[in-house]
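Q: Next one to model:
(one chain, ligands or ions: 1)
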Amino acid sequence: MTGQAMRVVSGIQPTGGLHLGNLLGAILRWVRMQDEAECLFFLADLHALTVEVDPTQLKANVREMAAALIASGIDPAKSTLFAQSAVPAHPELAWLLQCTARMGWLNRMTQFKEKSGKSREGASVGLFTYPVLQAADVLVYNATHVPVEEDQKQHIELARDIALKFNNDFDVELFVAPEPYISGGTAARVMSLRDGSVKMSKSDPSDMSRINLTDSDEAIVQKVRKARTDPEPLPDDPALLTARPEAKNLVGIMAAISGESEAAVLARFAGQGFGAFKPALADAVVALLAPLRLRLVELRRDEAQIDAFLAAGAERAATLAAPVLAGAYRAVGLRA
Ligand code: TYM
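A: Sure thing, here's the model as predicted:
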(Lines give C-alpha, C1' and ligand atoms only; values in the text may rest on other atoms or scores of the structure.)
Protein backbone atom coordinates (compact mmCIF):
# COMPACT_ATOMS: atom_id res chain seq x y z
CA MET A 1 0.00 0.00 0.00
CA THR A 2 2.76 2.47 -0.82
CA GLY A 3 2.04 5.90 -2.17
CA GLN A 4 -1.19 6.08 -0.21
CA ALA A 5 -2.33 9.61 0.69
CA MET A 6 -2.28 10.57 4.34
CA ARG A 7 -5.56 9.66 6.02
CA VAL A 8 -6.05 10.65 9.64
CA VAL A 9 -8.54 8.82 11.86
CA SER A 10 -9.08 9.37 15.57
CA GLY A 11 -11.78 9.11 18.21
CA ILE A 12 -12.81 10.31 21.61
CA GLN A 13 -15.15 8.75 24.14
CA PRO A 14 -18.31 10.79 24.72
CA THR A 15 -18.21 10.31 28.46
CA GLY A 16 -18.16 13.63 30.29
CA GLY A 17 -17.18 16.78 28.46
CA LEU A 18 -13.88 17.81 26.91
CA HIS A 19 -11.09 18.64 29.34
CA LEU A 20 -7.83 20.49 28.90
CA GLY A 21 -5.91 17.21 28.47
CA ASN A 22 -8.08 16.16 25.52
CA LEU A 23 -7.76 19.60 24.01
CA LEU A 24 -4.01 20.07 24.30
CA GLY A 25 -3.18 16.40 23.78
CA ALA A 26 -5.52 15.67 20.90
CA ILE A 27 -8.27 17.96 19.69
CA LEU A 28 -6.27 21.10 18.90
CA ARG A 29 -3.92 18.89 16.87
CA TRP A 30 -6.90 17.38 15.05
CA VAL A 31 -7.98 20.91 14.22
CA ARG A 32 -4.59 21.69 12.67
CA MET A 33 -4.50 18.41 10.76
CA GLN A 34 -7.74 19.20 8.95
CA ASP A 35 -5.78 21.40 6.57
CA GLU A 36 -3.05 18.84 5.99
CA ALA A 37 -4.85 15.58 5.35
CA GLU A 38 -8.16 13.84 4.86
CA CYS A 39 -9.55 13.49 8.39
CA LEU A 40 -12.19 11.32 10.05
CA PHE A 41 -13.08 11.99 13.68
CA PHE A 42 -15.66 10.07 15.66
CA LEU A 43 -17.38 9.83 19.02
CA ALA A 44 -16.51 6.41 20.40
CA ASP A 45 -19.94 5.65 21.84
CA LEU A 46 -19.57 1.87 21.51
CA HIS A 47 -16.38 2.08 23.55
CA ALA A 48 -18.32 4.05 26.16
CA LEU A 49 -20.43 0.92 26.79
CA THR A 50 -17.44 -1.01 28.15
CA VAL A 51 -18.01 0.57 31.55
CA GLU A 52 -21.30 1.40 33.23
CA VAL A 53 -23.36 3.98 31.32
CA ASP A 54 -26.62 5.78 31.85
CA PRO A 55 -28.70 4.89 28.76
CA THR A 56 -30.80 8.02 29.17
CA GLN A 57 -27.66 10.16 28.84
CA LEU A 58 -25.65 8.51 26.10
CA LYS A 59 -27.25 10.15 23.05
CA ALA A 60 -27.10 13.55 24.73
CA ASN A 61 -23.44 12.96 25.58
CA VAL A 62 -22.65 12.15 21.97
CA ARG A 63 -24.31 15.34 20.78
CA GLU A 64 -22.61 17.39 23.49
CA MET A 65 -19.18 16.00 22.60
CA ALA A 66 -19.81 16.62 18.90
CA ALA A 67 -20.73 20.22 19.72
CA ALA A 68 -17.60 20.55 21.87
CA LEU A 69 -15.42 19.32 19.00
CA ILE A 70 -17.03 21.73 16.56
CA ALA A 71 -16.67 24.58 19.08
CA SER A 72 -12.97 23.69 19.35
CA GLY A 73 -12.51 24.04 15.61
CA ILE A 74 -13.40 20.69 14.03
CA ASP A 75 -15.18 21.74 10.87
CA PRO A 76 -17.77 19.25 9.58
CA ALA A 77 -17.29 20.71 6.12
CA LYS A 78 -13.60 19.72 6.18
CA SER A 79 -13.63 16.57 8.32
CA THR A 80 -15.90 13.56 8.48
CA LEU A 81 -17.42 13.77 11.97
CA PHE A 82 -19.71 10.97 13.17
CA ALA A 83 -20.76 8.63 15.96
CA GLN A 84 -19.08 5.22 15.90
CA SER A 85 -22.38 3.40 16.56
CA ALA A 86 -23.88 4.91 13.39
CA VAL A 87 -21.39 2.98 11.25
CA PRO A 88 -21.93 -0.77 11.83
CA ALA A 89 -18.78 -1.59 9.86
CA HIS A 90 -16.80 -0.81 13.05
CA PRO A 91 -18.27 -3.58 15.25
CA GLU A 92 -18.55 -5.94 12.27
CA LEU A 93 -14.88 -5.66 11.46
CA ALA A 94 -14.07 -5.81 15.18
CA TRP A 95 -15.55 -9.31 15.32
CA LEU A 96 -13.38 -10.52 12.46
CA LEU A 97 -10.34 -8.95 14.11
CA GLN A 98 -11.13 -10.56 17.48
CA CYS A 99 -10.45 -13.83 15.74
CA THR A 100 -7.04 -12.53 14.65
CA ALA A 101 -5.96 -10.84 17.90
CA ARG A 102 -4.36 -13.16 20.46
CA MET A 103 -5.25 -13.40 24.14
CA GLY A 104 -1.61 -12.82 25.02
CA TRP A 105 -1.61 -9.52 23.12
CA LEU A 106 -4.65 -8.22 24.95
CA ASN A 107 -3.32 -9.45 28.29
CA ARG A 108 -0.48 -6.98 27.88
CA MET A 109 -2.74 -3.92 27.51
CA THR A 110 -2.16 -1.60 30.43
CA GLN A 111 -5.44 0.31 30.05
CA PHE A 112 -7.46 -2.82 30.84
CA LYS A 113 -5.38 -3.36 33.97
CA GLU A 114 -5.88 0.27 35.01
CA LYS A 115 -9.60 0.37 34.28
CA SER A 116 -10.51 -3.04 35.67
CA GLY A 117 -8.44 -2.46 38.80
CA LYS A 118 -8.96 -5.11 41.41
CA SER A 119 -12.17 -6.43 39.84
CA ARG A 120 -10.73 -8.13 36.77
CA GLU A 121 -13.26 -10.95 37.01
CA GLY A 122 -16.11 -8.46 37.23
CA ALA A 123 -14.97 -6.31 34.27
CA SER A 124 -16.96 -6.54 31.05
CA VAL A 125 -15.58 -8.64 28.21
CA GLY A 126 -15.96 -5.49 26.13
CA LEU A 127 -13.45 -3.70 28.35
CA PHE A 128 -10.98 -6.50 27.65
CA THR A 129 -11.51 -6.52 23.87
CA TYR A 130 -11.77 -2.71 23.74
CA PRO A 131 -8.47 -2.36 21.84
CA VAL A 132 -9.72 -4.68 19.07
CA LEU A 133 -12.68 -2.40 18.40
CA GLN A 134 -10.21 0.47 18.43
CA ALA A 135 -8.13 -1.40 15.83
CA ALA A 136 -11.24 -1.85 13.68
CA ASP A 137 -11.97 1.89 14.02
CA VAL A 138 -8.79 2.80 12.22
CA LEU A 139 -8.20 -0.23 9.98
CA VAL A 140 -11.66 -0.02 8.42
CA TYR A 141 -10.62 3.31 6.86
CA ASN A 142 -7.06 2.38 5.97
CA ALA A 143 -5.91 5.15 8.30
CA THR A 144 -2.27 6.05 7.80
CA HIS A 145 -1.95 8.27 10.89
CA VAL A 146 -3.74 8.12 14.22
CA PRO A 147 -3.20 11.22 16.37
CA VAL A 148 -3.38 10.14 20.01
CA GLU A 149 -1.34 10.73 23.11
CA GLU A 150 0.95 8.38 25.00
CA ASP A 151 -1.98 6.80 26.87
CA GLN A 152 -3.33 5.36 23.60
CA LYS A 153 -0.06 4.47 21.90
CA GLN A 154 -0.13 0.84 22.99
CA HIS A 155 -3.56 0.41 21.41
CA ILE A 156 -2.38 1.76 18.07
CA GLU A 157 0.63 -0.53 18.16
CA LEU A 158 -1.78 -3.41 18.73
CA ALA A 159 -3.77 -2.26 15.69
CA ARG A 160 -0.56 -2.50 13.65
CA ASP A 161 0.08 -6.04 14.90
CA ILE A 162 -3.48 -7.08 14.10
CA ALA A 163 -3.27 -5.53 10.61
CA LEU A 164 -0.03 -7.32 9.81
CA LYS A 165 -1.18 -10.69 11.18
CA PHE A 166 -4.48 -10.55 9.28
CA ASN A 167 -2.73 -9.65 6.02
CA ASN A 168 -0.25 -12.43 6.61
CA ASP A 169 -2.72 -15.12 7.76
CA PHE A 170 -5.02 -14.60 4.79
CA ASP A 171 -2.31 -13.66 2.31
CA VAL A 172 -3.87 -10.31 1.42
CA GLU A 173 -2.68 -6.73 1.24
CA LEU A 174 -5.86 -5.40 2.80
CA PHE A 175 -4.97 -3.43 5.89
CA VAL A 176 -2.58 -0.52 6.23
CA ALA A 177 -0.53 -0.59 9.44
CA PRO A 178 -1.31 2.83 10.96
CA GLU A 179 1.24 5.05 12.67
CA PRO A 180 0.49 6.39 16.13
CA TYR A 181 0.93 10.11 15.62
CA ILE A 182 2.15 11.40 18.96
CA SER A 183 2.86 15.11 19.26
CA GLY A 184 6.03 14.52 21.26
CA GLY A 185 5.97 18.17 22.25
CA THR A 186 5.24 19.69 25.61
CA ALA A 187 2.01 18.68 27.36
CA ALA A 188 2.02 15.49 25.33
CA ARG A 189 0.28 14.29 28.43
CA VAL A 190 -1.59 16.68 30.70
CA MET A 191 -1.62 15.41 34.27
CA SER A 192 -4.19 15.77 37.04
CA LEU A 193 -4.06 19.09 38.91
CA ARG A 194 -4.26 17.12 42.17
CA ASP A 195 -1.62 14.48 41.44
CA GLY A 196 1.18 14.91 38.91
CA SER A 197 1.60 11.15 38.53
CA VAL A 198 -1.80 10.42 36.95
CA LYS A 199 -3.22 11.83 33.72
CA MET A 200 -6.01 14.38 33.67
CA SER A 201 -9.10 12.32 33.03
CA LYS A 202 -12.86 12.49 32.71
CA SER A 203 -13.19 9.57 35.11
CA ASP A 204 -11.29 11.17 38.01
CA PRO A 205 -13.85 11.56 40.82
CA SER A 206 -12.44 14.98 41.76
CA ASP A 207 -13.58 17.78 39.45
CA MET A 208 -10.71 19.88 40.86
CA SER A 209 -8.31 17.49 39.10
CA ARG A 210 -9.27 18.73 35.64
CA ILE A 211 -10.20 21.87 33.74
CA ASN A 212 -13.31 21.35 31.65
CA LEU A 213 -14.20 23.19 28.48
CA THR A 214 -17.43 24.19 30.23
CA ASP A 215 -15.75 25.66 33.35
CA SER A 216 -16.43 29.35 33.99
CA ASP A 217 -13.49 31.77 34.07
CA GLU A 218 -13.81 31.89 37.87
CA ALA A 219 -13.74 28.10 38.14
CA ILE A 220 -10.60 27.96 35.98
CA VAL A 221 -8.85 30.57 38.13
CA GLN A 222 -9.86 28.68 41.25
CA LYS A 223 -8.69 25.30 39.95
CA VAL A 224 -5.32 26.67 38.86
CA ARG A 225 -4.89 28.46 42.20
CA LYS A 226 -5.63 25.26 44.10
CA ALA A 227 -3.52 23.03 41.83
CA ARG A 228 -1.04 21.03 43.84
CA THR A 229 2.53 22.34 43.66
CA ASP A 230 5.67 22.37 45.76
CA PRO A 231 7.21 25.24 47.74
CA GLU A 232 10.29 25.66 45.52
CA PRO A 233 10.64 28.52 43.02
CA LEU A 234 10.69 27.61 39.32
CA PRO A 235 14.11 26.57 38.02
CA ASP A 236 15.80 27.89 34.89
CA ASP A 237 16.51 24.43 33.47
CA PRO A 238 13.67 22.08 32.32
CA ALA A 239 15.75 19.07 33.44
CA LEU A 240 15.25 20.22 37.03
CA LEU A 241 11.49 19.72 36.66
CA THR A 242 11.78 15.97 36.25
CA ALA A 243 11.56 15.25 39.97
CA ARG A 244 8.73 17.80 40.38
CA PRO A 245 5.78 16.32 38.44
CA GLU A 246 3.19 18.91 39.50
CA ALA A 247 5.47 21.82 38.59
CA LYS A 248 6.38 20.12 35.33
CA ASN A 249 2.71 19.67 34.47
CA LEU A 250 1.84 23.34 34.99
CA VAL A 251 4.87 24.50 32.99
CA GLY A 252 3.96 22.00 30.26
CA ILE A 253 0.40 23.32 30.08
CA MET A 254 1.68 26.89 29.78
CA ALA A 255 4.12 25.89 27.06
CA ALA A 256 1.47 23.99 25.10
CA ILE A 257 -0.92 26.94 25.21
CA SER A 258 1.62 29.60 24.31
CA GLY A 259 3.41 27.44 21.75
CA GLU A 260 6.73 27.92 23.53
CA SER A 261 9.21 25.34 24.77
CA GLU A 262 9.37 24.56 28.51
CA ALA A 263 12.77 26.31 28.51
CA ALA A 264 11.21 29.48 27.11
CA VAL A 265 8.49 29.43 29.77
CA LEU A 266 11.10 28.91 32.48
CA ALA A 267 13.19 31.78 31.09
CA ARG A 268 10.24 34.04 31.89
CA PHE A 269 9.50 32.65 35.36
CA ALA A 270 12.80 31.25 36.71
CA GLY A 271 13.34 32.15 40.36
CA GLN A 272 9.69 33.05 40.89
CA GLY A 273 7.26 31.03 42.97
CA PHE A 274 3.85 29.70 42.02
CA GLY A 275 2.25 32.82 43.46
CA ALA A 276 3.49 34.59 40.35
CA PHE A 277 3.20 31.73 37.88
CA LYS A 278 -0.32 30.53 38.63
CA PRO A 279 -2.17 33.78 37.79
CA ALA A 280 -0.32 33.96 34.47
CA LEU A 281 -1.24 30.35 33.76
CA ALA A 282 -4.89 30.92 34.71
CA ASP A 283 -4.99 33.90 32.31
CA ALA A 284 -3.59 31.76 29.50
CA VAL A 285 -6.10 28.94 30.11
CA VAL A 286 -9.02 31.38 30.29
CA ALA A 287 -7.90 33.07 27.05
CA LEU A 288 -7.79 29.67 25.34
CA LEU A 289 -11.07 28.27 26.64
CA ALA A 290 -13.43 31.24 26.97
CA PRO A 291 -14.03 31.73 23.22
CA LEU A 292 -14.52 27.97 22.71
CA ARG A 293 -17.02 27.87 25.57
CA LEU A 294 -19.01 30.73 24.05
CA ARG A 295 -19.16 28.93 20.72
CA LEU A 296 -20.30 25.75 22.48
CA VAL A 297 -23.19 27.62 24.13
CA GLU A 298 -24.24 28.85 20.66
CA LEU A 299 -23.99 25.40 19.08
CA ARG A 300 -26.06 23.76 21.80
CA ARG A 301 -29.03 25.90 20.76
CA ASP A 302 -29.42 23.97 17.52
CA GLU A 303 -29.45 20.25 18.28
CA ALA A 304 -30.99 19.42 14.92
CA GLN A 305 -27.98 21.00 13.19
CA ILE A 306 -25.54 18.89 15.21
CA ASP A 307 -27.56 15.75 14.44
CA ALA A 308 -27.53 16.67 10.75
CA PHE A 309 -23.73 17.06 10.76
CA LEU A 310 -23.39 13.66 12.44
CA ALA A 311 -25.80 11.97 10.03
CA ALA A 312 -23.94 13.32 7.00
CA GLY A 313 -20.62 12.27 8.53
CA ALA A 314 -21.88 8.75 9.24
CA GLU A 315 -23.10 8.34 5.68
CA ARG A 316 -19.74 9.33 4.27
CA ALA A 317 -17.85 7.17 6.76
CA ALA A 318 -20.00 4.14 5.92
CA THR A 319 -19.22 4.61 2.22
CA LEU A 320 -15.50 4.73 2.92
CA ALA A 321 -15.61 1.69 5.21
CA ALA A 322 -17.68 -0.59 2.96
CA PRO A 323 -14.95 -1.79 0.57
CA VAL A 324 -12.49 -2.59 3.36
CA LEU A 325 -15.12 -4.53 5.33
CA ALA A 326 -16.10 -6.41 2.17
CA GLY A 327 -12.42 -7.18 1.57
CA ALA A 328 -12.12 -8.58 5.10
CA TYR A 329 -15.15 -10.85 4.63
CA ARG A 330 -13.71 -12.02 1.31
CA ALA A 331 -10.32 -12.69 2.88
CA VAL A 332 -11.76 -14.96 5.59
CA GLY A 333 -13.88 -16.81 3.01
CA LEU A 334 -17.34 -15.54 3.87
CA ARG A 335 -17.93 -13.64 0.66
CA ALA A 336 -17.08 -14.33 -2.95
P1 TYM B 1 -10.12 9.36 25.23
O2 TYM B 1 -11.57 9.63 25.01
O3 TYM B 1 -9.68 8.93 26.59
O4 TYM B 1 -9.26 10.62 24.86
C5 TYM B 1 -9.35 11.27 23.59
C6 TYM B 1 -7.98 11.81 23.18
O7 TYM B 1 -7.45 12.67 24.18
C8 TYM B 1 -6.15 12.23 24.57
N9 TYM B 1 -6.01 12.45 26.01
C10 TYM B 1 -5.03 13.16 26.58
N11 TYM B 1 -3.98 13.81 26.05
C12 TYM B 1 -3.16 14.47 26.90
N13 TYM B 1 -3.34 14.49 28.26
C14 TYM B 1 -4.39 13.85 28.82
N15 TYM B 1 -4.56 13.90 30.13
C16 TYM B 1 -5.30 13.14 27.97
N17 TYM B 1 -6.42 12.41 28.19
C18 TYM B 1 -6.85 12.00 26.98
C19 TYM B 1 -6.12 10.73 24.22
O20 TYM B 1 -4.80 10.28 23.96
C21 TYM B 1 -6.96 10.68 22.98
O22 TYM B 1 -6.18 10.97 21.84
N23 TYM B 1 -9.60 4.81 23.24
C24 TYM B 1 -9.69 6.24 22.92
C25 TYM B 1 -10.81 6.57 21.96
C26 TYM B 1 -10.73 5.81 20.69
C27 TYM B 1 -9.78 6.00 19.64
C28 TYM B 1 -10.13 5.06 18.64
C29 TYM B 1 -8.71 6.88 19.47
C30 TYM B 1 -11.56 4.81 20.30
N31 TYM B 1 -11.19 4.36 19.06
C32 TYM B 1 -9.40 4.98 17.47
C33 TYM B 1 -7.99 6.78 18.29
C34 TYM B 1 -8.32 5.83 17.30
C35 TYM B 1 -9.96 7.00 24.21
O36 TYM B 1 -10.51 6.49 25.15
O37 TYM B 1 -9.61 8.31 24.15
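Q: contacts and neighbour counts: CA atoms only from here.
A: Fine.
Q: what about the lowest-mean-pLDDT helix or strand in the chain and the ligand, touching?
A: Across the helices and strands of the chain, mean confidence by mean pLDDT, DSSP states H and E is lowest for strand 179-181: a mean of 83. No. Judged by C-alpha under 6 Å from any ligand atom, strand 179-181 and the ligand are separated, with a smallest distance of 8.8 Å.
Q: In its sheet, which strands sit next to that strand, and in what direction?
A: strand 145-147 (parallel) (DSSP bridges).
Q: Let me see the mean pLDDT of the partner strand.
A: For strand 145-147, mean pLDDT rounds to 93.
Q: which residues are in contact with it?
A: With contact meaning C-alpha atoms under 8 Å, 6 or more residues apart in numbering, strand 145-147 is reached by 6-10, 26, 29-30, 138, 156, 178-183.
Q: what does the stretch 201-336 of the chain put close to the ligand?
A: So the stretch 201-336 of the chain meets the ligand at residue 201 (C-alpha under 6 Å from any ligand atom).
Q: For ChimeraX, write a command that selects the buried ones of the contacts of strand 145-147.
A: In ChimeraX, this line selects whichever of those come out buried by 16 or more other C-alpha atoms under 10 Å:
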select :7,8,9,10,26,29,30,138,156,178,179,180,181,182,183
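Q: And the contacts of strand 145-147, which is closest to the ligand?
A: Looking at the contacts of strand 145-147 and their distance to the ligand, the nearest is residue 10, at 3.9 Å (C-alpha to the nearest ligand atom).
Q: how far does the helix or strand containing that closest one sit from the chain's center?
A: Using DSSP states H and E, residue 10 maps to strand 7-12. On the basis of C-alpha atoms, centre = their mean, to the nearest Å, strand 7-12 sits 9 Å off its chain's mean C-alpha point.
Q: avg pLDDT for that strand?
A: On average, strand 7-12 scores 97.
Q: Distance-wise, check the nearest residue to residue 19 once chain neighbours are set aside relative to the ligand.
A: Closest residue in space to residue 19, ignoring its immediate chain neighbours: residue 212 at 4.2 Å, by C-alpha to C-alpha, 6 or more residues apart in numbering. Taking C-alpha to the nearest ligand atom, to the nearest Å as the measure, residue 212 falls 12 Å from the ligand.
Q: what's the answer for residue 319, then?
A: 18 Å.
Q: Which strands or helices does the strand or helix carrying that residue pack on?
A: Under the criterion of DSSP H and E, residue 319 resides in helix 303-332. Where contact means 3 or more C-alpha pairs under 8 Å, 6 or more residues apart in numbering; DSSP states H and E, helix 303-332 is packed against helix 58-71, strand 80-83, helix 89-98.
Q: For the residue positioned nearest the centre of the chain, list the residues it contacts.
A: With distances taken as C-alpha atoms, centre = their mean, the chain has residue 12 as the residue nearest its mean C-alpha position (4.7 Å). Counting by C-alpha under 8 Å, 6+ apart, residue 12 makes contact with 42-44.
Q: what's the distance between residue 262 and residue 252?
A: Using C-alpha to C-alpha, to the nearest Å, one gets 6 Å for the distance from residue 262 to residue 252.
Q: Oh, that last question was meant for residue 78, not what I typed.
A: 30 Å.
Q: between those two, which one's more packed in?
A: Taking neighbours as other C-alpha atoms under 10 Å, residue 78 and residue 252 compare with residue 252 leading, 25 against 14.
Q: and the angle from the helix holding residue 319 to helix 58-71?
A: Angle between the axes of helix 303-332 and helix 58-71 is 100 degrees (criterion: axes from the mean of the first three to the mean of the last three C-alpha atoms, to 10 degrees).
Q: Please state the offset of helix 303-332 from the chain centre?
A: 20 Å.
Q: so where is the stretch 101-250 of the chain shaky, pLDDT-wise?
A: 183-188 (pLDDT under 70).
Q: Can you show me the helices along it?
A: 103-107, 110-116, 125-139, 150-169, 217-226, 245-258 (DSSP state H, counting those that start in this stretch).
Q: and residue 205, which of those is closest to it?
A: Comparing the helices of the stretch 101-250 of the chain against residue 205 with C-alpha to C-alpha, the closest turns out to be helix 110-116 (13.6 Å).
Q: For the closest one, buried residues please.
A: For helix 110-116, a neighbour-count test (16+ other C-alpha under 10 Å) marks 111-112, 116 as buried.
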